[in-house]
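>>> give me coordinates for this.
(one chain, ligands or ions: 1)
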Amino acid sequence: MKMTRRSFVGTVGLGSAAGLLASAGLTSKKANAASSYEAEAVYDGGIMQLNQNESARGPGPKTMEAIRSHVTRRVGRGYAPDHVNELRATLADGYGVTTDNVILSTGSGPLLVGAARAFCSESKALVTTGPTYTTAEQTARLIGAPIRSIQVDSSTMGVNLEGSAEAAVGAGLVYFCNPNNPTGTVHSPEAVESFIRRVQRESPNTKMLIDEAYINYAADDAMQTALPLAMEFENVFITRSFSKAHGMAGLRVGYALGQKATLDAVSSAWGMGDVNMLSAIAAITAFNDKEHIEWERQENTEIRAFVVAAFNDMGYEIPNSHTNHIFVNLGKPAKGFRDACLENKILVGRDFPPFEQTHCRISMGSREEMQKAVEVFRKVLA
Ligand SMILES: Cc1ncc(COP(=O)(O)O)c(C=O)c1O
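Below you'll find the model as predicted:
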């Protein structure tokens, strides 16, 4: 039996993943009504990659077309590459700020390295979360900066904002990932605002990096960008990535938004790389294609609901995710589960201390991939 998109959502709503799989599961989606976009499963060497929170669908059709149509001899001229300044201006316009408030980078990774190098030192600690994305922490460790890692709240698995604010006093940099990787949790605009205001009041020299790499996957009303606070406080800045909902991890584009003095300090502490002209035109197109991003968010939401329902049906709990990954409480070490999945040609997430004895992160693939993956999860957890 084939399922329509509507009947799929309805079935997930009933909560029986077993019945869902038996009757049909995630059907191959015929077309994106918005853009006639055909989703394709992307396998690498026959291994399904559910380990790095990349996009299984890649860029949208308009972005793909923009890349194709710019593959001309013009790429021979690139030391002042076309479209890079235009990308910066597009982002500035899109957020209602000036180009001085935007810096580009080759993925958002270099921004996290630059931030830790600019604002942490042997006498200036990094405040981070356990677990969260670790680039800032790895950099702080490398340069000998003290690390204050505040464990997530064990009941909600959300970032412990209270504990982080206390730890922030006298620190060089607070790294706050919202939504958080790997837990998938988000914090409301009110919670983020009072956290930022408290830290800036109690520790006025501490910089704060709000990493919004997954913001496009968050549910309506669950969160808002911290950009207004970045425009209010010179110490606060946000980072974004084209690697997630925009499906461009392989094209390496990220950016930071904030005040010039802070962004200059980040970019002079570490090379941001040069965004190339094809990546720039792709990013402009992807940023402007709001319809596709909304489709991508919806697609991810439905797929994630299907997978969460399957785990819940097996008796496992998952913190409410606003990202393209879930952090499943398996109640046993992630390694055994990961090895068993790999025997079935599926890669799932690495260990995330301090939860490696209980939780595993699984990135969401395409509909087709997750239908197969859920069968494997059922088999290896049986
Ligand atoms: C929270 C978070 N921030 C930043 C990054 C870096 O991504 P990129 O360098 O591709 O923008 C990642 C990648 O997984 C991430 O999960």
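>>> who touches the residue of the stretch 251-382 of the chain found nearest the ligand in this structure?
Nearest residue of the stretch 251-382 of the chain to the ligand, counting by Cβ to the nearest ligand atom: residue 254, 4.0 Å away. (C-beta placed from N, C-alpha, C; glycine too.) By Cβ atoms under 8 Å, 6 or more residues apart in numbering, the contact list for residue 254 reads 104-111, 213, 239-243.
>>> residues near whichever residue of the stretch 51-200 of the chain sits closest to the ligand, how many?
Nearest to the ligand in the stretch 51-200 of the chain, going by Cβ to the nearest ligand atom, is residue 107, at a distance of 2.7 Å. Residue 107 has 23 neighbouring residues, counting by other Cβ atoms under 10 Å.
>>> check residue 201 too.
9.
>>> confirm residue 174 sits in a helix?
No: membership of residue 174 in a helix is not supported by DSSP: H, G, I helix; E, B strand; the rest coil, which gives strand.
>>> show me the contacts for it.
Counting by Cβ under 8 Å, 6+ apart, residue 174 touches 126, 127, 128, 164, 168, 199, 206, 207, 208, 209.
>>> please repeat the previous calculation with a cut-off of 10 Å.
Residue 174 makes contact with 119, 125-129, 136, 148, 150, 164-165, 167-168, 195-196, 199, 203, 206-210, 235-236 under the criterion Cβ atoms under 10 Å, 6 or more residues apart in numbering.
>>> what ranges does the chain have for its helices?
Secondary structure of the chain by DSSP state H: the helices cover 5-14, 17-23, 61-69, 84-95, 109-119, 135-142, 161-168, 189-202, 227-232, 260-269, 277-288, 290-313, 334-343, 367-381.
>>> pipe those helices into CSV and attach mean pLDDT and distance to residue 51 per row.
CSV is the format used below for those (pLDDT from 0 to 100; distance: least, Cβ to Cβ, whole Å):
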stretch, mean pLDDT, distance to residue 51
helix 5-14, 37, 24
helix 17-23, 36, 22
helix 61-69, 97, 24
helix 84-95, 97, 29
helix 109-119, 98, 17
helix 135-142, 98, 17
helix 161-168, 98, 27
helix 189-202, 98, 29
helix 227-232, 98, 30
helix 260-269, 98, 28
helix 277-288, 97, 23
helix 290-313, 97, 15
helix 334-343, 97, 9
helix 367-381, 97, 12
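>>> reformat those as a markdown table; add distance to the ligand.
A markdown table is the format used below for those (distance: least, Cβ to the nearest ligand atom, whole Å):
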| stretch | distance to the ligand |
| --- | --- |
| helix 5-14 | 26 |
| helix 17-23 | 27 |
| helix 61-69 | 16 |
| helix 84-95 | 14 |
| helix 109-119 | 3 |
| helix 135-142 | 7 |
| helix 161-168 | 16 |
| helix 189-202 | 15 |
| helix 227-232 | 16 |
| helix 260-269 | 14 |
| helix 277-288 | 11 |
| helix 290-313 | 14 |
| helix 334-343 | 17 |
| helix 367-381 | 18 |
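>>> buried deepest among these, which one?
helix 109-119 (a mean of 25; mean count of other Cβ atoms under 10 Å).
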